[in-house]
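*Asks:* coords please:
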Amino acid sequence: MATRSRLFTLRNRSIRQIAHIPLCQLNGLVLPANLRYFYKVWGFAHIRRVAYNTPTLALLSQRIDWSLALERKSVPLGTRSSVSACSRPEQHPTNSLDVLPQAACIFAKAIDAESAFSGLAELCAREMADWAFATLLGERCEIRQLCVSCARFSCSDLAEQLRQHCLFGALARDRSVSVLSTLDQPLLLNRLTGRSLVRLADGLDHSKLLRKAQIRSMLLVPMFYRDRLFGILTLFRCKGRRGYSASDLAAARALSAWSSMALDTLGQLQRANKRKLRLVKEIERRKNVAAGVGHELRNALAPINGWTTSFKSNSVLMSDATLSAGINAIERNVATLARLTEDCLGSVRLRKGQMSLEREPLNLNHVVSAAIEDVRHLARAKGVHFVEHLSDSPLRANGDALRLRQVFTNVLINGVNYTEENGTVTISSRLRGEQAEVEVGDTGAGIEPSLLEEIFQPFQRGKNTDQPVSESGMGLGLAIARNLVLLHGGKIWAESEGPGHGSTFYIRLPLSGPVATGRMPLPIARPIESRHPVRILLVEDAYDVLTAIKMELETLGHRVFTATNGIDAVETARRELPDLLISDLKMPGLNGYDLIRQIRSTYQVSYIPAIALTGAGRQEGGRRAIAAGFDTCLSKLADLNELSNAIANLTAQQRTCGQQNGIA
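*Replies:* Residues are numbered from 1 along each chain as shown. This is a model prediction of the structure:
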């Protein structure tokens, strides 16, 4: 294991960083200490024969060969020879050993094949050559100079001039680039002549620049990518330095094989990342489509809900048995569609990580009571009875009242859906140590014990029911409830003895400090007895929604001015000076956010309270709406009582502020 660890270090770091590997001397040979066992068993020749099977071990074997040669010749490691103006001091030939580990770092950081090729050229210019040219070959034999690298700063101007040309340009001019495709192994050329440089250059100016670089020796290293010649790495050494040797050619072969393999791996990773990116974009697109569909569904349901409420308030219509049954059927189905829409949008928000909580101190008994009232009409229509056993002492928690109400509502709806007529759903709450526990039990269909975890997964419906989706839901309610409970730091689970024995759901949430005295964080909506008629500006681009809400507001005695876009709304506000603004958020042109900003900057109406209507979810749209200048945010599917209460509260606050200012 120690040997393997040292070799792994050797593969991933430069030799300068691992110079502390202990050496030993056996029979006059200097070896890494970790290899002395293999030397004693097989001998040095066998070590070299095995080592050449892989590029990394081959370079390690060459390192040993070079060390032995230097010791026998007694050549100091720092020996230098005379150099030319464009060359570097002669270095120890083991610089080739540093290339592969450093190249691995370059390929690991590269974003594509070309950047990896450029980085490799810069590395080779420092370690194996004076000049390094990276030349790309296209699939149709087109040729392009990718980069020119030189290790010496004094040659930077010359390198910049060489980048303006293309190596092997003469072949491109003569339409003989296909000759390069036959290069399948590194090629070594020493003692380059002027004629050779002319053949390499793309013209006379280029050949002059190459002569100015004082090139002496050349090493061509082919790079393969996806089974074709991707490019050629051309390494030059200048006059005054030794030419390339057989050991350099062997190192170039290892570099070519390893780099080609690395390029293929990099290409596979790039293609995988592109597929992943396309998949993420497709998922995001589908989520946005779902959110858009939810918004349009709310727009379509809002006028139906409004007209249904209006019809139910008409005693003449409700006195007719047939009309009354039809109106009640419409109301039930609108409620079902609204619930399915909320479930779909809630699932999308949870998957996108956009579900956030607005925590506040609350009494869980109040939240449970509100949820029971939300579902009571559904239970009454199906003939299911509610039995409540809520604790006498308050269950103080710190959570999002609306989200917890949604949790209990979903669990109660699930119990009602799977309970037969004349069945019972029992709701109880209690203290359980330092947690509050709410239990919802039913006498319904029951659950297979093996499915008790599966029912909390999205789109999982009861396996023992033939109910349509309109009655049992899409299988999202419990999944949403579980995620919301987890966001609150709680736990939800189900228990059942099997089909026909009913089921029981348990919800546990952490307790918190005391709730403010008399605070009802989530009261059940009830009409306010005394209301003052106000002048309201209603802004909505959907005509049916506009008509339905206008009719509801006029039923309450308010005077309503309407506008179908933000620009007309600003003009109407300046002309009519309304007491209250109710505006949709998503409108073409001047949307609701821009509208309220203009209203707040208009002196005559800057003070009026404003209610935002959203089809994208109250909590998600509400934060941005309130930040823009609205006082509160309601869903387009909000019932008449909720809208009436919001109007009464805001106008009452406005009157109170006005009286105080008058007294002052």
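
*Asks:* Arg241 contacts Arg216, correct?
*Replies:* Yes: if you go by C-beta atoms under 8 Å, Arg241 and Arg216 touch, sitting 7.1 Å apart. For every residue, glycine as well, the C-beta is placed using N, CA and C.

*Asks:* residues in contact with the residue lying closest to Ile599 once chain neighbours are set aside?
*Replies:* Spatial nearest neighbour of Ile599, chain neighbours left out: Val605 (5.7 Å); criterion: C-beta to C-beta, 6 or more residues apart in numbering. With contact set as C-beta atoms under 8 Å, 6 or more residues apart in numbering, Val605 has these partners: 573-574, 577-578, 581, 599.

*Asks:* equivalent analysis for Pro222, please.
*Replies:* Contacts of Pro222 (C-beta under 8 Å, 6+ apart): 183-186, 229, 231-233, 256, 260.

*Asks:* could you redo the last one with a cut-off of 6 Å?
*Replies:* 183, 229, 232, 256 (C-beta atoms under 6 Å, 6 or more residues apart in numbering).

*Asks:* for the first one, grab the count of nearby residues.
*Replies:* Translated: Leu183. 15 (other C-beta atoms under 10 Å).

*Asks:* where do the strands of the stretch 301-450 of the chain begin and end?
*Replies:* 360-363, 385-389, 396-399, 424-432, 435-442 (DSSP state E, counting those that start in this stretch).

*Asks:* could I get those strands as TSV with mean pLDDT, distance to Ala625 and mean neighbour count?
*Replies:* Putting the strands of the stretch 301-450 of the chain into TSV (pLDDT from 0 to 100; distance: least, C-beta to C-beta, whole Å; neighbours: other C-beta atoms under 10 Å) gives the following:
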stretch	mean pLDDT	distance to Ala625	mean neighbour count
strand 360-363	88	19	20
strand 385-389	92	35	13
strand 396-399	88	22	21
strand 424-432	92	34	18
strand 435-442	93	32	22
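
*Asks:* and of those strands, who's closest to Val539?
*Replies:* strand 360-363 (30.2 Å; C-beta to C-beta).

*Asks:* what separation is there between the residue nearest to Ile599 and Trp307?
*Replies:* 30 Å (C-beta to C-beta, to the nearest Å).

*Asks:* select the longest helix from the chain.
*Replies:* helix 246-312 (DSSP state H).

*Asks:* for it, the distance to its chain's centre please.
*Replies:* 9 Å (C-alpha atoms, centre = their mean, to the nearest Å).

*Asks:* give me the mean pLDDT for it.
*Replies:* Per-residue pLDDT over helix 246-312 has a mean of 80.

*Asks:* show me what that helix is packed against.
*Replies:* Other helices and strands packing on helix 246-312, by 3 or more C-beta pairs under 6 Å, 6 or more residues apart in numbering; DSSP states H and E, are helix 55-73, helix 99-109, helix 113-127, strand 215-224, helix 321-351, helix 543-555.

*Asks:* looking at those, which is nearest to Cys166?
*Replies:* helix 113-127 (14.3 Å).

*Asks:* which helices and strands sit right next to the following helix or strand past that closest one?
*Replies:* Downstream of helix 113-127, the first helix or strand assigned by DSSP states H and E is strand 131-137. If you count contacts as 3+ C-beta pairs under 6 Å, 6+ apart, strand 131-137 packs onto helix 113-127, strand 143-150, strand 229-238.

*Asks:* highest mean neighbour count out of the ones you listed?
*Replies:* strand 229-238 (a mean of 24; mean count of other C-beta atoms under 10 Å).

*Asks:* which helices and strands sit right next to that strand?
*Replies:* Using 3+ C-beta pairs under 6 Å, 6+ apart: strand 229-238 touches strand 131-137, strand 215-224.

*Asks:* now the strands for the stretch 501-650 of the chain?
*Replies:* In the stretch 501-650 of the chain, the strands defined using DSSP E, counting those that start in this stretch lie at 503-510, 535-539, 559-563, 580-584, 610-614, 632-635.

*Asks:* quick check: which of those strands is nearest to Arg339?
*Replies:* Judging the strands of the stretch 501-650 of the chain by C-beta to C-beta, what sits closest to Arg339 is strand 632-635, at 12.4 Å.

*Asks:* how far is the closest one from where the chain is centred?
*Replies:* Taking the mean of its C-alpha atoms, strand 632-635 sits 29 Å from the chain's own mean (C-alpha atoms, centre = their mean).

*Asks:* what does stretch 489-508 give?
*Replies:* Worked out by C-alpha atoms, centre = their mean, stretch 489-508 lies 33 Å from the chain centre.

*Asks:* now the terminal residues of it, how far apart.
*Replies:* 9 Å (C-alpha to C-alpha, to the nearest Å).

*Asks:* which parts of that stretch are buried?
*Replies:* 490, 492, 494, 496, 499, 502-508 (16 or more other C-beta atoms under 10 Å).

*Asks:* from the residues you listed, which single one is nearest Cys344?
*Replies:* For the buried residues of stretch 489-508, the nearest to Cys344 is Ile492 (20.5 Å; C-beta to C-beta).

*Asks:* I'd assumed Ile480 was in contact with that closest one.
*Replies:* No: applying C-beta atoms under 6 Å as the test, Ile492 and Ile480 come out as separate, 10.9 Å apart.

*Asks:* model confidence score at Arg351, please.
*Replies:* Looking at Arg351, the pLDDT reads 68.

*Asks:* no, scratch that, I was asking about Asn12
*Replies:* 47.

*Asks:* and the residue nearest to Phe107 when sequence neighbours are not counted, how many neighbours does it have?
*Replies:* Using C-beta to C-beta, 6+ apart and skipping residues adjacent in sequence, the residue nearest Phe107 is Ala262, 4.6 Å away. Neighbours of Ala262 under the rule other C-beta under 10 Å: 22.

*Asks:* one more: the one 10 residues further on?
*Replies:* For Ala272, the neighbour count with other C-beta under 10 Å is 10.

*Asks:* distance of Ala329 relative to Ile455?
*Replies:* Taken as C-beta to C-beta, the span from Ala329 to Ile455 is 29 Å.

*Asks:* distance of Gly490 from Leu233?
*Replies:* Counting by C-beta to C-beta - Gly490 and Leu233 are separated by 61 Å.

*Asks:* ditto for Ile549
*Replies:* 71 Å.

*Asks:* what's the answer for Ala250, then?
*Replies:* 16 Å.

*Asks:* got it, and His501?
*Replies:* His501 is 75 Å from Leu233, by C-beta to C-beta.
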